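Visitor: What would the 3D arrangement of this be:
(chains A, B, C, D and E, ligands or ions: 4)
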Amino acid sequence: AKDQFRIAWSIYVGWMPWDYAAQSGIVKKWADKYGIEIEVVQINDYVESINQYTAGAFDGCVMTNMDALTIPAAGGVDSTALIVGDFSNGNDAVILRDETELAEIADQKVNLVELSVSHYLLARALASVGLTERAVTVVNTSDADMVSAFASGGPTAVVTWNPLVSEILAMPNTAKVFDSSQIPGEIIDLMVVNTETLEANPALGKALVGAWYETMSIMSKDDEAGRAARTAMGKASGTDLAGYDAQLASTKMFFEPAEAVAFAKSEQLPLTMEEVASFSFDHGLLGEGAPNPGFIGVAFPGERYFGDPGNLKLRFDAGFMQMAADGAL
Amino acid sequence: MKRLINQRPGPVSTAALALLPFVVLALVYLLASDARLAENPNDKLLPSFTTLAESFVRLTSVPSQRTGEILLWQDTGASLRRLAQGVGISAAIGLILGVALGAIPLIRSGFAPFVAVLSLIPPMAVLPVLFIVFGLGEVSKVVLIIVGITPFIVRDLQQRVQELPRELIIKAQTLGANSWQIVLRVILPQVVPRLIDAVRLSLGTAWLFLISAEAIAATEGLGYRIFLVRRYLAMDVILPYVVWITILAYLTDFLLKQISRRAFPWYHNGEPGR
Amino acid sequence: MKRLINQRPGPVSTAALALLPFVVLALVYLLASDARLAENPNDKLLPSFTTLAESFVRLTSVPSQRTGEILLWQDTGASLRRLAQGVGISAAIGLILGVALGAIPLIRSGFAPFVAVLSLIPPMAVLPVLFIVFGLGEVSKVVLIIVGITPFIVRDLQQRVQELPRELIIKAQTLGANSWQIVLRVILPQVVPRLIDAVRLSLGTAWLFLISAEAIAATEGLGYRIFLVRRYLAMDVILPYVVWITILAYLTDFLLKQISRRAFPWYHNGEPGR
Amino acid sequence: MTPRIRFENVWMTYGDQVVLERLNLTVAPGEFCTIVGASGCGKTTLLRLLLGEETPSRGRILLDGEPLPAEPGPDRGIVFQRYSVFPHLSVLGNVLLGLELRAAPVTGRLFGGARRNARDEAVAMLEAVGLGQSLGKYPTQLSGGMQQRLALAQSLVMHPRILLLDEPFGALDPGIRRDMHELVLRLWRENNLTVFMVTHDIREGFYLGTRLLVFDKLRYDPDAPQAYGAGITYDLPIGQADPGTLAEVLAGGKR
Amino acid sequence: MTPRIRFENVWMTYGDQVVLERLNLTVAPGEFCTIVGASGCGKTTLLRLLLGEETPSRGRILLDGEPLPAEPGPDRGIVFQRYSVFPHLSVLGNVLLGLELRAAPVTGRLFGGARRNARDEAVAMLEAVGLGQSLGKYPTQLSGGMQQRLALAQSLVMHPRILLLDEPFGALDPGIRRDMHELVLRLWRENNLTVFMVTHDIREGFYLGTRLLVFDKLRYDPDAPQAYGAGITYDLPIGQADPGTLAEVLAGGKR
Ligand SMILES: Nc1ncnc2c1ncn2[C@@H]1O[C@H](COP(=O)(O)OP(=O)(O)OP(=O)(O)O)[C@@H](O)[C@H]1O
Ligand SMILES: Nc1ncnc2c1ncn2[C@@H]1O[C@H](COP(=O)(O)OP(=O)(O)OP(=O)(O)O)[C@@H](O)[C@H]1O
Ligand SMILES: [Mg+2]
Ligand SMILES: [Mg+2]
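Guide: Ligands and ions are numbered 1, 2, ... in the order given. Okay, the predicted model is just below:
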């Protein structure tokens, strides 16, 4: 067993609490409690942070359910979704210029980060109006340049996430035609840790979950401390309290551990992962060797599985969150 | 025993010496890759040589589902087109501005500080402004390359023009040359091989900007593919692409050198400018 | 009327001419900004000069909540530290390798092709590998700068060493110099001012890599700040930062030039190497 | 007759180093001035003043009674000590250049018959300087002496009114040098050239010139050798110089 | 006595251009060979062979009976036509350099008393060549002639066994040139130097040398001027040359 751990996080509304938890000493407090050290590292490039985690440079990393499946799990790194932090409830959206109906997206060029959750959202949106991806041309556009790209006047359709969504919607003649609140619970933000490390060091899981839910309880309150916490999170993500609260409004945060446990144990989660797996498979994200969407096995609380149970690489674990819910940490 | 400084290897040992670092690099990779794969057979960071070879074959033979074209060729075509346009335009601007700045003191006074300042602005930081002016299409990618390398070429050529022996400019004047003739017959022809040198030096940066541009908004191109598959850490695609880009860059460089050798024997015969 | 090529403006007109393009640029910006703001007063792309000024005052006076320091100074300090380390190490490597490659044929045979190939690999494409090897701390940012500019400096210096008149090397040998002494007393001192030139030429690229590195993993720094606010299209922050970076880059360049002038009068007195 | 060249109290200084001082000189058209003087005393500087490349720090220079143009022109040809030929042009191209520049102000190139005529002229001149065998070579392929001969051919083919020569024959062997002497003298006579020629060979100076100018420091301060510049210490119309003066000049070269 | 230098059937070609052919030459220690010949005939090439900078295409060169080292060394000093001084060193530094290199193999620098001694030696040599006033200047601040004198001082201060001079006095004025002649002759005598000196001034060659070597083409094909190289056409032990030979040599320089 080791006692020094590194986790990576990147700037996004649902992950800003990690920054606050690290800055305010909550992480240290919990790490001390379990006799370990946890270094919380900010990485601005989201994909790079997952790649680094997959390559073994970090013991844990924040990511979405889809990226957890397609990067570490597909890369053979057995990973555990330790904390189900939130799901996107409007934070991701399809936006059109000069049009207000989703069906008008047909034959347009759509700017988005290819192979990301935006891409998934687009596929789900198209399906909802009976279209397929063939109906549009996808232009891979980096998230950092999305807003200025749209502001330049060229693009007419984008799929992206907050805070970019609100920046783009603030421009004239734009309309949100589909968002993640129409597919609730499908775009999930997780804290993922290496399964082997976690099994060898349950203390890591306990400390992280403990720190997370202490932070949740502070920021969820509308008192002085809660506002201060959210202000700090807003500042660190480049906006202010109001901007951050707006982003929170379209995010379904699981402030209470019990909510997260319930979500992890729900019937919906395996179905969602199946949907995500088949999307990923269609786009070659599971690797050249993958014969079918179920090639990579996913485990859910309660001995439920999706895909090949012999190749389990992603495990949703409600155990640590349950401890938090039980006040056993 | 000759001084180290006078020892020249024969052709065979030259080749052997030149190969050595590459062999060492390949060995180091092999060892590192084996070590990682022994721990996790699905590790994607350092794929084995077999995986790389398979992936390369696939990239060069299996047509893409989307367009029916073979991915690598399609990407290569798109990237080389952009690169050629960007570098070509940069070279033209560089030649004209470099000669004007180097040869004509009035222009130098007016624009040299401006060009110097322009060359210091990090292009990535002003991308949004470039987008408004040039849109998001092919043009903006070519423009990013131009913005990225032209200041260097201009300043380098200006320097080279100013380094031409003053005697030559005076001599030309005593032969009755006017300013235009001096530029046309004395400065330009002496500067063209130096332009090729400058272009060769800036090719690396040009590739850098090309790849960055393709990472911003594109549907094909070598840089696009690398950034796309980076999303699932497909090093088995990235590494062949990197090797391929390196080969392309090397060939371009080699080609330019040969053209310069053929076209400007006087420049390569002994030292320049004497 | 003198030939254009012989006309040199006086000190006053030099200053006026040099200012002109900047004034024109400011005017163009003003017009474009006004036009956009007239259409949409909330437009963020080209903020008015007042907005820019306010934002600049805020950046240089209001302390950050997180650390209590003033953002701009904090970012500047972090970035300059990384830049100095990266460029300093690159210059050291460049000097050593460039001289070794340029002066010693055996080393040149062994490593010049390797360095040439290395210099052609686009660093952005092998980022993941770099980060694995060097981690994501301060080291990786410095390393990215080093990887980005060292090949250029090495190759440039190698070229400059090879350009030194052969006669000087022979003369040194007739004075009894061994290879080490030739490097130490003949080649090195003549190459140091050329190293400064090479560093000046590569500063732009160094900033580019610094900004890219800070955009990937950092919590402070000029590039980090630009990256952070870019998603909000906060041009009122980005533009002052860009101007500030440009000023910093200009000052660094100017400083290096002055150092070279002071320390190596023989190099700047007439043409080099004669 | 208006003098071709007139120096009126010309001073030349670089920073605080006085190179030339109180220079007064009148040269009639058709004179052949040879200039000798200690190394570093300012002979090349004098030629640069005549070219218009440098402007006197004090005083003025008149050409045909008018102030000297402040820049080089086709009326004053020059052969420098070095860097006198264009490395990017072949031997033939180097000599052709002046003819092309004169005839084609915009393109700077000749084609067809005009080019053939110019080529013939250039080849004749190159044969006169003994480079007829090397028309296609580039300067880097020539020895130092061959480069100087090429530079001379390049200037002479333009028939300048004033010819400035800065030790043009320093690197030539005696045989070729004698041929070049004849060539320069012939062209000087045929074209009523005014020649200023710097040389280190005082005998050459006596043989070629109609007038020998000896440069040396007029005053000298051992503690501040830079404080005083050189001037003309002897100005000998050659042929009128008695043997005693020659001996004196020869001895005076040694300081 | 073993000859200092011996050429045995040496040929030198660049590509298909034959520069030197069938060279046989034996030079005893202490000889002062002056070399004259047409421009471009290969005199500089001969010196480069002696330096070891070039290797003969055929034949071999012996130094004191041993094959000549294939690289330059401190036993053979050289003054080139140009690029003979180090631009980054002051006049004093240029002359000091050799002394420092000899005494300090690792640092290449002297300090303290050793440096003062070396400095005195260097200054004495610089005063001998007339540069005692310019110790702190850099070569770019010197005229061409001053640079050549500096190069000479730099070589002479090392007391080489063989001294190679490539037209060292071409750019000097007669007075200084005479001083340099005396200096070189004195050092030649004092140190039993063997000197090879290329010159264009055949009188200088006769005055300085103990032996005059005249280079010229041995055969000539007007259609292929590159096909044949130069060789030694006259090898005159000076003092024994009768006036007729001198006249012939002087005439032979003209081809
Ligand atoms: N650009 C310059 N700046 C400063 N000093 C200079 C410059 N050009 C020449 N000098 C100085 O002016 C003096 C005269 O130089 P010049 O080249 O005219 O001499 P010279 O008579 O031609 O000598 P030589 O016979 O050796 O060629 C020298 O002392 C030289 O150091
Ligand atoms: N590196 C080289 N490559 C090809 N040809 C060369 C090279 N160096 C010299 N030559 C040729 O060799 C011949 C002899 O050159 P070299 O410099 O020895 O002549 P030189 O006798 O010293 O002439 P000068 O008196 O003009 O200095 C010339 O024709 C020249 O073109
Ligand atoms: Mg001179
Ligand atoms: Mg020679």
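
Visitor: residue ranges of the helices in the stretch 101-250 of chain A, please?
Guide: Under the criterion DSSP state H, counting those that start in this stretch, the stretch 101-250 of chain A carries helices at the ranges A:117-128, A:146-151, A:164-169, A:195-200, A:202-219, A:224-236, A:241-249.

Visitor: which helices and strands does the fourth one pack with?
Guide: By that I understand helix A:195-200. strand A:79-88, helix A:202-219 (3 or more Cβ pairs under 8 Å, 6 or more residues apart in numbering or on different chains; DSSP states H and E). (Each C-beta comes from the backbone N, C-alpha and C, glycine too.)

Visitor: now these as a markdown table including distance to residue D:146?
Guide: Output for the helices and strands packed on helix A:195-200, formatted as a markdown table (distance: least, Cβ to Cβ, whole Å):
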| stretch | distance to residue D:146 |
| --- | --- |
| strand A:79-88 | 77 |
| helix A:202-219 | 82 |
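
Visitor: Deepest-packed of the ones you listed, please.
Guide: Comparing the helices and strands packed on helix A:195-200 by mean neighbour count (mean count of other Cβ atoms under 10 Å in any protein chain shown), strand A:79-88 ranks first with a mean of 26.

Visitor: Helix or strand next in line after that one, which one?
Guide: Per DSSP states H and E, the first helix or strand lying C-terminal to strand A:79-88 is strand A:92-97.

Visitor: for residue B:115, phi and psi?
Guide: Residue B:115 adopts backbone torsions of phi -60, psi -40, taken as degrees, to the nearest 10.

Visitor: Distance check, it against chain D.
Guide: 26 Å (Cβ to the nearest Cβ, to the nearest Å).

Visitor: Kindly report the same for residue A:227.
Guide: For residue A:227, the distance to chain D (Cβ to the nearest Cβ) stands at 70 Å.

Visitor: surely that residue meets residue A:242?
Guide: No: look at residue A:227 against residue A:242 with Cβ atoms under 8 Å: they stay out of range, at 10.9 Å.

Visitor: got the contact list for the strand or helix carrying residue A:52?
Guide: Remark: residue A:52 resides in helix A:46-55, with elements defined by DSSP H and E. The contact list for helix A:46-55 (Cβ atoms under 8 Å, 6 or more residues apart in numbering or on different chains) reads A:8-10, A:12, A:43, A:58, A:60-63, A:67, A:71-72, A:75, A:77, A:143, A:192, A:194, B:44-45, B:230-231, B:233, C:127-128, C:131-132, C:136, C:216-217.

Visitor: Alpha carbons of that helix, as PDB, please.
Guide: What follows is helix A:46-55, C-alpha atoms only, in PDB (Å, rounded to 0.1, in the frame of the first residue of the first chain):
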ATOM      1  CA  TYR A  46      -9.300  17.900 -20.300                       C
ATOM      2  CA  VAL A  47      -8.300  15.200 -22.800                       C
ATOM      3  CA  GLU A  48      -4.700  15.400 -21.700                       C
ATOM      4  CA  SER A  49      -5.700  14.900 -18.100                       C
ATOM      5  CA  ILE A  50      -7.500  11.600 -19.000                       C
ATOM      6  CA  ASN A  51      -4.700  10.500 -21.200                       C
ATOM      7  CA  GLN A  52      -2.300  11.100 -18.300                       C
ATOM      8  CA  TYR A  53      -4.500   9.100 -16.000                       C
ATOM      9  CA  THR A  54      -4.700   6.300 -18.500                       C
ATOM     10  CA  ALA A  55      -0.900   6.300 -18.900                       C
END
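
Visitor: what's the angle between it and strand A:79-88?
Guide: Note on geometry: by axes from the mean of the first three to the mean of the last three Cα atoms, to 10 degrees, helix A:46-55 and strand A:79-88 are set 160 degrees apart in direction.

Visitor: how about the residues of the stretch 101-250 of chain A near chain C?
Guide: Within the stretch 101-250 of chain A, the residues that sit near chain C (Cβ under 8 Å from any Cβ of the partner chain) are A:143-148, A:151, A:163-164, A:167, A:170-172, A:231-232, A:235-239.

Visitor: For these, which ChimeraX command selects only the ones that are buried?
Guide: A single ChimeraX command selects the buried members of those (16 or more other Cβ atoms under 10 Å in any protein chain shown):
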select /A:143,144,145,146,147,148,151,163,164,167,171,231,232,235,236,237,238,239
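
Visitor: Next secondary structure after the helix holding residue A:52?
Guide: Downstream of helix A:46-55, the next assigned helix or strand under DSSP H and E is strand A:60-64.

Visitor: Just the CA coordinates for that following strand, please, in PDB.
Guide: The C-alpha trace of strand A:60-64 is given here as PDB (Å, rounded to 0.1, in the frame of the first residue of the first chain):
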ATOM      1  CA  GLY A  60      -7.700   9.400 -10.200                       C
ATOM      2  CA  CYS A  61      -9.200  11.800 -12.600                       C
ATOM      3  CA  VAL A  62     -12.500  13.500 -13.300                       C
ATOM      4  CA  MET A  63     -14.200  12.600 -16.600                       C
ATOM      5  CA  THR A  64     -17.600  11.900 -18.100                       C
END
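
Visitor: Parallel or antiparallel, which strands does it pair with?
Guide: Partner strands for strand A:60-64, per DSSP bridges, with pairing direction: strand A:4-9 (parallel), strand A:188-194 (antiparallel).

Visitor: Of these, flag the one that's most buried.
Guide: With neighbours taken as mean count of other Cβ under 10 Å, those reach their highest mean count in strand A:188-194, at a mean of 25.

Visitor: Identify all contacting residues around that strand.
Guide: For strand A:188-194, the external contacting residues (Cβ under 8 Å, 6+ apart) are A:7, A:12, A:14-15, A:18, A:53, A:59-65, A:68, A:72, A:77-88, A:204-205, A:208, A:212, A:272.
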